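Trainee: make a model of this:
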Amino acid sequence: MKALHVITGLGVGGAEQQLRLLLRHLPLDCDVVTLTNPGPVADGLVADGVRVTHLGMAGNRDLGALPRLTRLIRAGGYDLVHTHLYRACVYGRPAARLAGVRAVVATEHSLGASQMEGRRLTAGVRALYLASERLGRTTVAVSPTVARRLRDWGVPAGRIEMVPNGVDLARFRFDPARRRRTRRRFGLPETAYVLGAVGRLAAGKRFDVAVRALARLPADHWLLLVGGGPEEQVLRRTAREAGVADRVLFTGERPCLPDGSAGPDLPSLTAAMDLLVSPSAEEAFGLAVVEALAAGLPVVHASCPAIEDLPAHTAPAARRVTGGAEEFARAVAEVRAAGPRPRTAPEAARHYCVTRSAARLMDVYTTALAAPPEAAPSSPSPQGVSS
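Mentor: Numbers count the residues shown, from 1 in each chain. Here you go, the predicted structure:
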């Protein structure tokens, strides 16, 4: 089987890093096309031996991308095309059908209750998504919560398969030596109680709540903010105004898997933490939370379908918090007062082992390829794609 993965971009993000991780565990010949932004994850994929093509899409309404992508897919002789993220789905599904590919699969990584990948869920966004969805064979949801949202949108239940995001448990296993090295690198005191927050520094992640919670905690608490994004300067200003700028460390973007770049990777950073704070009120899965659990960290979170969809006993160190900085500060204080826990992965983290997710995705591929071929669309058009 030869498969092509089409994704909107390959900067550092959850869906992008998840694609790289899955490709390391899929027993297939896979290529990748990125419509835009061949960023750090593209470099990592190339280092892994994956062929990555940048389509050079000029903007959301670059309709010339459709015939270019169609020609590329047809020339590649792919058995299956798998699309990831909104714009890649809107352009990739019709292109694959026009190219005569037998099976088209898409993964819905980021469908929230009111937004998708940071865009508001307007009637136009929904209509275009549903129109392109009908050109595929299967839509993969990364959690039961996302599957339910897809059904509520109007995607037929029979076209939805659930394949959760995966975590490389071995990479996130706690290592005390790695913890010491990373803390020394960032100048963290040995006695510091380090809160971590991981994700794109965007308004929807509500990392300002973590900063303001830090200001309500004793002076031996520090905050390690892992990620990059448009809100970095806003968060730096928030830290200064709250009087904790000297205890908030910004690491910048860190790939989930090593790509030869200098500096500690995400597992090293989680090893340096004592607790993860995830104030984002709307998540489709909650990968940062699951990775923190894999590292043996306690977690306080506002939204994490990956955990909320499982029995409570599978993640005893995960606590859901509603409210703002005051409530998060109180939860952090209570977790610390309870004393340290063993740094081992709970059942919930093991449930999301990447090898299991890769095997489930292979089952989806096999079923999609076994179905009778469908006729190519006569005139699909992604006009109206929003930013």
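
Trainee: can we go C-alpha only for contacts and neighbour counts from here?
Mentor: Will do.

Trainee: could you pull up phi and psi at residue 330?
Mentor: In terms of degrees, to the nearest 10, the main-chain angles of residue 330 are phi -60, psi -40.

Trainee: how close does it get to residue 213?
Mentor: Separation of residue 330 from residue 213 (Cα to Cα, to the nearest Å): 8 Å.

Trainee: and these two? Which one has more around it.
Mentor: Between residue 330 and residue 213, counted using other Cα atoms under 10 Å, the more crowded position is residue 213 (22 against 14).

Trainee: isn't the more buried one right next to residue 329, touching?
Mentor: Yes: judged on Cα atoms under 8 Å, residue 213 makes contact with residue 329 at a distance of 4.7 Å.

Trainee: who touches both of those two?
Mentor: Counting by Cα atoms under 8 Å, 6 or more residues apart in numbering, residue 213 and residue 329 have no contacts in common.

Trainee: just the helices from the stretch 101-250 of the chain, written as ranges.
Mentor: Assigned by DSSP state H, counting those that start in this stretch, the helices in the stretch 101-250 of the chain fall at 123-133, 144-153, 169-172, 176-185, 207-214, 232-242.

Trainee: helices or strands up against the last one?
Mentor: Right, helix 232-242. Packing contacts for helix 232-242, counted by 3 or more Cα pairs under 8 Å, 6 or more residues apart in numbering; DSSP states H and E, involve helix 207-214.

Trainee: pull the CA atoms of the helix it packs on into CSV?
Mentor: Coordinates of each C-alpha in helix 207-214 appear next as CSV, following Å, rounded to 0.1, in the frame of the first residue of the first chain:
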residue,chain,number,x,y,z
PHE,A,207,-1.9,30.6,29.3
ASP,A,208,-2.5,34.0,30.9
VAL,A,209,-4.5,32.1,33.5
ALA,A,210,-1.4,30.1,34.3
VAL,A,211,0.7,33.3,34.6
ARG,A,212,-1.8,34.9,36.9
ALA,A,213,-2.1,31.8,39.0
LEU,A,214,1.6,31.8,39.5
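
Trainee: between helix 232-242 and that helix, find me the angle.
Mentor: 20 degrees (axes from the mean of the first three to the mean of the last three Cα atoms, to 10 degrees).

Trainee: buried residues in stretch 311-320?
Mentor: By neighbour count on 16 or more other Cα atoms under 10 Å, the buried set for stretch 311-320 is 315, 317, 318, 319, 320.

Trainee: name the surrounding residues that touch that stretch.
Mentor: 293, 297-303, 307, 346-349.

Trainee: so how far is residue 165 from residue 288?
Mentor: 11 Å.

Trainee: more neighbours: those two, which one.
Mentor: In this view residue 288 and residue 165 are compared by other Cα under 10 Å, and residue 165 has more residues nearby, 26 against 21.

Trainee: what sits closest to that one if chain neighbours are left out?
Mentor: residue 142 (5.8 Å; Cα to Cα, 6 or more residues apart in numbering).

Trainee: was I right about that neighbour contacting residue 111?
Mentor: No: judged on Cα under 8 Å, residue 142 makes no contact with residue 111 at a distance of 9.5 Å.

Trainee: which residues are in contact with each of those two?
Mentor: By Cα under 8 Å, 6+ apart, the residues touching both residue 142 and residue 111 are residue 284.
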